[in-house]
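>>> Got a sequence here, can you model it:
(2 chains)
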Amino acid sequence: MSPSHSTLADGFIKDKERARWHDQTLWFVRHKRDLAAKSLPEWEDLRVAASAIKMHTQQQLADYLELFERQATKLGAKVHWAADAAEHNRIVLEILQSHGVTRLVKSKSMLTEECHLNPHLEKHGIEVIDSDLGERIVQMQGMPPSHIVLPAIHLKKQDIGELFHRELHTEAGASDPKYLAEAARQHLRDKFMRAQAGLTGVNFGIAETGGIVICTNEGNADLGVSLPKLHIACMGIEKLIPRAKDLGVFLRLLARSATGQPITTYSSHFHGPRAGGELHIVLVDNGRSQIRASSDYRRSLNCIRCGACMNTCPVYRRSGGYSYNSTVPGPIGSILSPAMDSAKHYSLPFACSLCGSCTDVCPVKIDLHHQLLTWRGEIGKRNQLPLDKKYGMKLARLVLGTSWLYRLSGWLARKIVPRLPRWMIYNRLNPWGKQRELPMFPAQSFREQLKDRQQHKPQPKSQTSSSHGQS
Amino acid sequence: MPTIGLFIPCYVDQLFPKVGLATLDLLESLGQTVEFPAAQTCCGQPMANTGCVNDARPLARRFLEIFQPYDYVVAPSGSCVAMVRHHYEELLHGEPGFEELKAKTFELCEFLTDVLKIEKLPGRFPHRVGLHQSCHGLRELRLGSCSEVMGPQFSKVKQVLQMIEGIEFVPLTRPDECCGFGGTFAVSEEAVSCLMGEDRVADHEQAGAEVLTANDMSCLMHLDGIIRRQKKPIRVLHVAEILSGSAT
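Got it, this is the predicted structure:
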């Protein structure tokens, strides 16, 4: 069984100072988002519109996908369909092999992370270079991104300095961001120049025009597909929007929600291949149809991958992306990942205090925390709950569901616990007491005190209830 | 005269009787007829939130049965009220009396502002107070505006607290961040929960709060546990204790 979120989070928090730094770094982004959202009086209307457009698209997804395919084909693109990750990887590999490609430059794409494309291509002798700076950094470390928008947000500049010293031979101990960015730029420039193909993700596919839109802050997608003649764009089927005019709604929400910017630095539109080049668009399902079929989780496909739910999530901020052990971490990942494999990701819907901040921050109005709660029930139904939770709650049902047993248990606890020596209460069997004191147990419960009042206080002069006296 | 069924959450009944008494006293001092149906135990939230829906259902049914006769159900807990209003749907959908139950169940502060529409309270509480906005009250019951959603700012809890003479609110850097309690989350995700709690306490501490208050005792139980372990000079009080004048 894969490690639970709490186990991995425990490891992350061992370095408390670092966990706090991670929290503050992401809170800074969340705060920037608040300011950016506040700058638009129509913010909430935009959220409503975006949500409605996405729901509408989902309702007629098959039609819009066909329209998209027709229009994209008309523009000269080649459209491929992949039912799952394996088919996606096979299609990409075939395209690359048929063009004799051995060196590929990728711009950040969470879909290809989800499909584990890099190891598949590398196994077949293709060098894959991630060109987004954060993604390149974690790639050098042999790790996946820890955040979907800010892949290396968990690393300090000193960590990157060390990594670059080892990998790119920068000066030992150098951690000046400007210096490191320049080193990365030179390194990536060489990779861009030598690449035989460029692969990108897709932020929005427009059914009406057959065009695709890719948003980056570094321009790496543009450079990656402008130098070589072959462009492969991998797109989840939920990325579709009906019309070009819908795009404005999403572009305004995306960057503000993601990083607090008014708009991403580069919003690049590709309508068909460049002159003399080829554009292949791979439409990927990989479990999305199944999510779409479920009325409980359908809204999760509204997601535009802005990462705002991660930045706002108090659990994500303090446990880091890797504690989720899945491609998409945080609140949205904790819905999408169990949909793929609930036995593996059983703990993710529980990595949440149900504070609801994710739901309120979400630009496309996904009811994230309610879906997480629904997932908990589903994990229960599938009998995938850890035994302590399962039997703990059965015991709780027995005690809390039986009036006399409930009163007796409370009475016993209040009588016994305060008399116990400290070591019997505060030990490893009591996770509450590891860093917290138990409440001060009162001598009497509320109901006992109420009864005493009734017996010892004068009866009410006027009308009042039968079960207690006037206070 | 309508009768209020007083809903005292199980852990408040057993561990924080003062809060239950303060709630009762406050409602009675406002001329309300209040009954405490003694058959009540727990609304079933711990089970429902842990994914044990079938274990929560009998408790929800029992709750409906016990509170059906009352005109209003009032509880000093946003979280337990949110359970009834928003999460009983799955457990009690279509049961006779359920729709009425949802409509007549209120968190204490919202009952004061929305039903009784009170405009003044007699108490005095000359202290620097940090208001912890408990998440379920805030984002499920919408007792206040939250920092994520753009629009007019309001807080029903603050609105009633402000009627108390001498109260001074301290400014927090993160006015509505979760404290990390989250029911069984506090135990199953102990490390994250405690770090969240520590950070929450630190925010109140840096703001100079003498008293940390909230409308959910569960958040306060968690925060108080951390405060006492770390021997911080802050005391926690439920909003009802301040409003009823039982705290000085």
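>>> Give me the phi and psi for A:I129.
Note on A:I129: its backbone torsions stand at phi -120, psi 120 [degrees, to the nearest 10].
>>> Please tell me how far it sits from B:S188.
41 Å (Cβ to Cβ, to the nearest Å). Yep, even glycine has a C-beta here, placed from its N, CA and C like the rest.
>>> at contact distance from chain B, anything in stretch A:243-260?
No - applying Cβ under 8 Å from any Cβ of the partner chain, one finds stretch A:243-260 out of contact with chain B, separated by at least 10.3 Å.
>>> ok, residues contacting that stretch?
Stretch A:243-260 is contacted by residues A:29, A:31-37, A:40, A:46-47, A:49-50, A:53, A:149-150, A:203-204, A:206-209, A:211, A:213, A:215, A:217, A:241, A:261-264, A:267, A:304, A:306-308, A:361-364 when judged by Cβ atoms under 8 Å, 6 or more residues apart in numbering or on different chains.
>>> Looking at that stretch now, give me its mean pLDDT.
Averaging pLDDT along stretch A:243-260 yields 98.
>>> mind checking how far that stretch is from the chain centre?
Chain-centre distance of stretch A:243-260: 18 Å, with Cα atoms, centre = their mean, to the nearest Å.
>>> buried sites along that stretch?
By neighbour count with 16 or more other Cβ atoms under 10 Å in any protein chain shown, stretch A:243-260 contains the buried residues A:244, A:246-247, A:249-260.
>>> next one: stretch B:230-239
Going by neighbour count (16+ other Cβ under 10 Å), the buried part of stretch B:230-239 is B:K232, B:I234, B:V236, B:L237, B:H238, B:V239.
>>> follow-up on the earlier one: which of the buried residues of stretch A:243-260 fall within strands?
Among the buried residues of stretch A:243-260, no member is found in strands (DSSP state E).
>>> B:G51: neighbour count?
For B:G51, the neighbour count with other Cβ atoms under 10 Å in any protein chain shown is 27.
>>> low-scoring pLDDT stretches of chain A, where are they?
Within chain A, the ranges that satisfy pLDDT under 70 run A:1, A:458-471.
>>> Kindly report the domain assignment for it.
A:40-286, A:389-452 (the TED database).
>>> Between the two ends of the shortest one, how far is it?
Right, the one you point to is domain A:389-452. End-to-end span of domain A:389-452 (Cα to Cα, to the nearest Å): 37 Å.
>>> ditto for the first one
End-to-end distance for domain A:40-286: 36 Å, by Cα to Cα.
>>> List the buried residues of the lengthiest helix in chain B.
In chain B, taking DSSP state H as the definition, the longest helix is helix B:190-206. Residues of helix B:190-206 classed as buried: B:190-201, B:203-205 (neighbour count, 16+ other Cβ under 10 Å).
>>> and that helix, what's its mean pLDDT?
98.
>>> who does the helix or strand following it touch, helix- and strand-wise?
Next helix or strand after helix B:190-206 toward the C-terminus (DSSP states H and E): strand B:211-214. Packing partners of strand B:211-214 (3 or more Cβ pairs under 8 Å, 6 or more residues apart in numbering or on different chains; DSSP states H and E): strand B:128-131, helix B:217-229, strand B:235-238, helix B:239-243.
>>> who wins for proximity to chain A among the ones you listed?
helix B:217-229 (3.1 Å; Cβ to the nearest Cβ).
>>> Distance from the chain centre to that closest one, please.
The answer for helix B:217-229 is 14 Å, by Cα atoms, centre = their mean.
>>> got the CA coordinates for it in CSV?
What follows is helix B:217-229 as a C-alpha-only set of coordinates in CSV (Å, rounded to 0.1, in the frame of the first residue of the first chain):
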residue,chain,number,x,y,z
MET,B,217,-15.8,25.2,20.7
SER,B,218,-14.1,22.5,18.6
CYS,B,219,-11.7,25.0,17.1
LEU,B,220,-11.2,26.5,20.5
MET,B,221,-10.5,23.1,22.1
HIS,B,222,-7.8,22.5,19.6
LEU,B,223,-6.3,26.0,19.9
ASP,B,224,-6.5,26.0,23.7
GLY,B,225,-4.7,22.6,23.8
ILE,B,226,-1.8,24.2,21.9
ILE,B,227,-1.9,27.4,24.0
ARG,B,228,-1.8,25.5,27.3
ARG,B,229,1.0,23.2,26.1
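>>> Please verify my assumption that A:P442 contacts B:P17.
Yes - here A:P442 reaches B:P17: they are 5.4 Å apart, a contact under Cβ atoms under 8 Å.
>>> can you count the residues close to A:S268?
18.
>>> quick one: contacts for it?
If a contact means Cβ under 8 Å, 6+ apart, then A:S268 has A:V213, A:I214, A:C215, A:T216, A:A221, A:D222 as its contacts.
>>> Next: A:K381.
Residues in contact with A:K381 (Cβ under 8 Å, 6+ apart) are B:V53.
>>> Quickly note the distance from the closest residue to B:L121 other than its chain neighbours to chain A.
In space, not counting the residues next to it along the chain, B:L121 is nearest to B:M163; the distance is 4.2 Å by Cβ to Cβ, 6 or more residues apart in numbering or on different chains. B:M163 is 20 Å from chain A, where distance means Cβ to the nearest Cβ, to the nearest Å.
>>> Now do the SS call for B:M163.
Secondary structure for B:M163, judged by DSSP: H, G, I helix; E, B strand; the rest coil, is coil.
>>> residues of stretch A:400-416 that come out buried?
A:L400, A:G401, A:Y406, A:R407, A:S409, A:G410, A:R414.
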